[in-house]
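# heads up, no residue letters with this:
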């Protein structure tokens, strides 16, 4: 499964849970209250269902997952507290609290999920205490509530263990999906996906400027041929460190295969970018002089020189090969003079 598939499933969960939650509330809550003549309770649950529906609509437009998940959890705390107080349909309202730990740990990071579970438990215990002091009518006695909270704790612990395992798998998946295992830089898929998003953004916002550099090591094949692939891998890792260390953490530095790299810099001034690449080239030549290693590159600015990803990559590649060819011609000319 690709990492983006997980986020797509997460989006679907918002809609699915909202549909199930609203439908269940309308059928088992609003309609039952109306039949029993509890119009205030019916109106209250109808209001909560409306808020949940509007939350899903807002999420479909803005894609603010943190806000949408927080709204859902707030609504769930209110609903479950309400059911604990009234007893729900024929005293079964307390059963619904067991859905909350799974929901909280799925929608929020572990620490936040713990906080949300604490909020729900504290809310229910507070309502029970108020019921004992005859401030509110609490449907369940202490034995029923104690047993329910005991089972709730078991579900919470199982949800925690499941979340820890899932988070570990997601971290591993994220690493495999975005990181080049040899150099630790971003990999080809991540770089191209990021470039496509930035180009689409640049089409909408002309004030955003990016520089893209296509880099290729000169004479790297000689390293593998004369010293072996193990030495070649070591050289690539060191070159990657040199390149990565020359840019900000927010810039994108990736290896797209072999001895080829791509750099994407935000809010870029082209000449300053070229000067930085020249410094990297000289450092690589000095560091790996015994291999005769050098660096060629081609630079394109977005959106100034294009907003088509294939054209931008092709232009950067063309300029990189032009530089490589010019260097070979210059070396050949110098050898002739000697």
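Arrived safely. Everything numeric in this text was worked out from a predicted model, so none of it was measured.

# SS state for residue 306?
Secondary structure, DSSP: H, G, I helix; E, B strand; the rest coil: residue 306 is coil.

# Which residues lie in contact with it in this structure?
Contact analysis of residue 306 by Cβ atoms under 8 Å, 6 or more residues apart in numbering lists 300, 312, 315. All C-beta spots, glycine's among them, are computed from the backbone N, C-alpha and C.

# My understanding was that the last one contacts residue 304; is that so?
Read it as residue 315. No - here residue 315 lies out of contact with residue 304, judged by Cβ atoms under 8 Å, at a distance of 11.5 Å.

# between these two, which one's more packed in?
Neighbour totals were compared for residue 315 and residue 304, and residue 315 leads with 18 against 13 (other Cβ atoms under 10 Å).

# How much space separates residue 64 from residue 290?
As judged by Cβ to Cβ, to the nearest Å, residue 64 and residue 290 stand 54 Å apart.

# now residue 120
66 Å.

# again with residue 229
In terms of Cβ to Cβ, residue 229 sits 18 Å off from residue 290.

# Ok, residue 15 next?
To residue 290, residue 15 is 60 Å away according to Cβ to Cβ.

# neighbour-wise, which of the two wins?
residue 15 (14 against 8).

# helix or strand for the more buried one, which one?
Following DSSP states H and E, one finds residue 15 within helix 3-24.

# now do residue 216
Using DSSP H and E, residue 216 maps to strand 210-218.

# phi, psi of residue 288?
Main-chain torsions, residue 288, degrees, to the nearest 10: phi -120, psi 40.

# Could you report the neighbour count for residue 84?
Neighbours of residue 84 under the rule other Cβ under 10 Å: 25.

# Let me see the contact set for it.
Applying Cβ under 8 Å, 6+ apart to residue 84 gives the contacts 93-94, 97, 124, 127-128, 138-140, 145.

# what do you get for residue 257?
Counting by Cβ under 8 Å, 6+ apart, residue 257 has contacts residue 188.

# Relative to residue 170, how far out is it?
Distance, residue 257 to residue 170, using Cβ to Cβ: 26 Å.

# Kindly state the beta-bridge partners for residue 297.
residue 215 (DSSP bridges).

# ok, so of the contacts of residue 84, who is nearest residue 176?
In terms of Cβ to Cβ, no member of these lies closer to residue 176 than residue 97, at 37.3 Å.
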